[in-house]
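**Student:** sequence first, then the predicted structure:
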Amino acid sequence: MSEIILGIESSCDDTSSAVIVDGEIRSNVIAGQDVHRKYGGVVPELASRAHQQNIVPVVDMAIREAGISKRDVSAVGFTRGPGLMGSLLVGTSFSKGFALSMGIPLIEVNHLQAHILVHFIKEPGSDSGTPEFPFLCLLVSGGHTQLVMVKEHLVMEILGQTIDDAAGEAFDKCAKIMGLPYPGGPWIDKYAGKGDCNSFTFSRPLVGKLDYSFSGLKTSFLYFIRDNEKKEPGFIKSNLNDLCASLQYTIVEILMHKLLIASGQTGIKQVAIAGGVAANSSLRRALKVYGEKYNWRVFLPKPVYTTDNAAMIAINAYYKYIKKDFALQSVVPEARFSF
Ligand code: KG4
Ligand code: ZN
């Protein structure tokens, strides 16, 4: 009999639902929230309201697109955390109600672990290889930057992480300084494609071990822009492509530097990236280049599985389902939630 998992994601500003059948993707519906754009960042109160409006139609669409009935679902997996409490509550409450009414198991999922497990989502008719254990994964999102050693599907160890801002946050905050819309990462990526990455140099952090830091870069970028705009009004506009290219180059170099050290220290040559920033074209290129240079086997997620989505929640829940690792109805979301 097939194991059919319904995944629910609502940790930040995307309401998403997906269906995975025996590890293979059948649907992955994502409703974004444009309401935050004019505020230059996610407004938690508005995010929870939008989730509340979107969750039923999004789940309904995911079930219909998968060509199944809600009675076929074997278990429901939901994001327990980390994330915005009001947002998490919507997905958690919906999932509890769904599981209870259908008499099926409820499975809690850690959002960060789920980002990494996208590398195990099977696509119909495709047989692209999956990483072998242990492998390294650079998890780079709007809220997190972590170097993770993945020992098994559900056993992961954090080797290093940011001590302040996340890489995605650095992209978004620097984009805001340049007057670009939120989220700024994709915009920087776009303009960087037309610029010269050697035009400007920005400071690199000096943090120990396998940790990261991005707040110094953001501050030096802010002062650099402010000084130059004062000297030459219109500086941003006339140098936008080069600024984006140089900034993106710096962030990618910082990320890759520690990844290289981690591979050297652990001897692991299977290397993956995950999270929203894994959509970045320069980071994806860098991983391939390092792969060839250092003889790594590299794994790049499909762009649709980089930013928040419920397919990743469903695949994570699938591996927990196999182990009968179920949650109680009394489970509560956790805004801060490590694995
Ligand atoms: O994983 P995600 O969807 O949400 C979190 O869990 O945080 O990541 C969102 C982050 C945002 O900071 C966004 O700017 C960044 O991913 N991002 C990118 C790109 N696409 C999304 N950053 C750089 N280049 C991109 N192409
Ligand atoms: Zn995420």
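**Tutor:** Thanks, I have it. Ligands and ions are numbered 1, 2, ... in the order given.
**Student:** with adjacent residues omitted, what lies nearest to the most centrally placed residue in the chain?
**Tutor:** Taking Cα atoms, centre = their mean, the centroid of the chain lies closest to Gly275, which sits 2.4 Å from it. Nearest residue to Gly275, sequence neighbours excluded (Cβ to Cβ, 6 or more residues apart in numbering): Ser141, at 3.5 Å. No exception for glycine: its C-beta is placed from N, CA and C like everyone else's.
**Student:** which residues sit in contact with that neighbour?
**Tutor:** Contacts for Ser141 (Cβ atoms under 8 Å, 6 or more residues apart in numbering) come out as Leu112, His115, Ala166, Ala167, Gly168, Gly275, Gly276, Val277.
**Student:** out of these, who's nearest Thr307?
**Tutor:** Gly276 (4.4 Å; Cβ to Cβ).
**Student:** can you tell me the closest non-neighbouring residue to Met312?
**Tutor:** Ala114 (4.1 Å).
**Student:** circling back to that earlier point, inside helices: which ones of the contacts of Ser141?
**Tutor:** Among the contacts of Ser141, DSSP state H puts Leu112, His115, Ala167, Gly168 in helices.
**Student:** pLDDT score assigned to the first one?
**Tutor:** In other words, Leu112. pLDDT recorded at Leu112 is 97.
**Student:** wait, it sits on Pro82?
**Tutor:** Yes. Between Leu112 and Pro82 there is a contact under Cβ atoms under 8 Å: 6.9 Å.
**Student:** for the stretch 151-300 of the chain, what spans make up the helices?
**Tutor:** Along the stretch 151-300 of the chain, the segments classed as helices by DSSP state H, counting those that start in this stretch run 167-177, 185-192, 215-231, 235-266, 281-294.
**Student:** and the third one, what's buried?
**Tutor:** Judged by neighbour count (16 or more other Cβ atoms under 10 Å), helix 215-231 contains these buried residues: Gly216, Leu217, Lys218, Phe221, Phe224, Ile225.
**Student:** how is this structure divided into domains?
**Tutor:** Residue ranges for the domains of the chain, per automatic domain parsing: 4-126+305-322, 135-303.
**Student:** just checking, the residue nearest to the centre of the chain touches Leu117?
**Tutor:** No. Using Cβ under 8 Å, Gly275 is not in contact with Leu117, being 11.9 Å away.
**Student:** my read is that Asp242 contacts Thr201, right?
**Tutor:** No. Using Cβ under 8 Å, Asp242 makes no contact with Thr201, being 11.7 Å away.
**Student:** of those two, which one has the most company?
**Tutor:** Asp242 (18 against 11; other Cβ atoms under 10 Å).
**Student:** got a pLDDT number for that one?
**Tutor:** Per-residue pLDDT puts Asp242 at 98.
**Student:** what sits against it?
**Tutor:** By Cβ under 8 Å, 6+ apart, Asp242 lies in contact with Gly195, Asp196, Ser199, Phe200.
**Student:** now the last one: closest residue in space that isn't a chain neighbour?
**Tutor:** By that I understand Phe200. Counting by Cβ to Cβ, 6+ apart, Phe200 lies nearest to Ser246, which is 4.1 Å off, once chain neighbours are set aside.
**Student:** now that neighbour: how far from ligand 1?
**Tutor:** Separation of Ser246 from ligand 1 (Cβ to the nearest ligand atom, to the nearest Å): 14 Å.
**Student:** can you check Ile116 too?
**Tutor:** 11 Å.
**Student:** would you check that that residue makes contact with Glu152?
**Tutor:** No. In terms of Cβ under 8 Å, Ile116 does not count as a neighbour of Glu152; the distance is 11.6 Å.
**Student:** just the pLDDT at Gly168, thanks.
**Tutor:** For Gly168, pLDDT reads 97.
**Student:** neighbours around the nearest residue to it once chain neighbours are set aside, how many?
**Tutor:** Spatially, and ignoring its direct neighbours in sequence, Gly168 is nearest to Gly142 (3.7 Å; Cβ to Cβ, 6+ apart). Using other Cβ under 10 Å, Gly142 has 22 other residues around it.
**Student:** would Gly142 count as being in a helix?
**Tutor:** No. Counting by DSSP: H, G, I helix; E, B strand; the rest coil, Gly142 is not part of a helix but coil.
**Student:** quick check, it in contact with Lys173.
**Tutor:** No. Look at Gly142 against Lys173 with Cβ under 8 Å: they stay out of range, at 10.5 Å.
**Student:** which residues sit in contact with Thr307?
**Tutor:** Counting by Cβ under 8 Å, 6+ apart, Thr307 touches Asp14, Gly276, Ala279.
**Student:** nearest to Asn316, out of the helices of the stretch 151-300 of the chain?
**Tutor:** helix 167-177 (20.2 Å).
**Student:** right, is the closest one up against ligand 2?
**Tutor:** No. If you take Cβ under 5 Å from the ion as the test, helix 167-177 misses ligand 2, and the best it gets is 8.7 Å.
**Student:** which elements pack onto that helix?
**Tutor:** helix 185-192, helix 215-231, helix 235-266 (3 or more Cβ pairs under 8 Å, 6 or more residues apart in numbering; DSSP states H and E).
**Student:** if anything else comes up later, I'll come back, but that's it for now.
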